[in-house]
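*Asks:* coordinates only, no sequence provided:
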């Protein structure tokens, strides 16, 4: 695994219907120095994956049962995998 620094990730869960309850975060790594937005831009390896069931949150339940026009944001996450953690231990 590369020793390149990992930047802070800011993630938001957007939903339109009650079926949007699963929020999945996947972190990939690569030996390339190229910055990639999509996994098909070069060879990548999945480092870790988090799946959160937002349906358990009262805020999601409230908005999913009566969604506002245009959808809704349930949570906002700031993930700093490099802070005091070796990300390989999260696997």
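*Replies:* Okay, I see it. This structure is a prediction, so every number in the text was calculated from the model and none was measured.

*Asks:* give the next helix or strand downstream of the strand or helix carrying residue 23.
*Replies:* Secondary structure from DSSP states H and E places residue 23 in strand 22-29. Using DSSP H and E, the next helix or strand after strand 22-29 towards the C-terminus is strand 45-53.

*Asks:* next, the angle strand 22-29 makes with that next one.
*Replies:* Counting by axes from the mean of the first three to the mean of the last three C-alpha atoms, to 10 degrees, strand 45-53 lies at 160 degrees to strand 22-29.

*Asks:* list the buried ones in strand 45-53?
*Replies:* 47, 52 (16 or more other C-beta atoms under 10 Å). Every residue, glycine included, has its C-beta placed from N, CA and C.

*Asks:* elements contacting it?
*Replies:* strand 22-29 (3 or more C-beta pairs under 8 Å, 6 or more residues apart in numbering; DSSP states H and E).

*Asks:* partners of the strand it packs on in the sheet?
*Replies:* strand 45-53 (antiparallel) (DSSP bridges).

*Asks:* what mean pLDDT does the strand it pairs with have?
*Replies:* Throughout strand 45-53, pLDDT has a mean value of 87.

*Asks:* separation between residue 30 and residue 12?
*Replies:* Residue 30 is 25 Å from residue 12, where distance means C-beta to C-beta, to the nearest Å.

*Asks:* which of those two has more residues huddled nearby?
*Replies:* Using other C-beta atoms under 10 Å, the more surrounded residue of residue 30 and residue 12 is residue 30, with 16 against 10.
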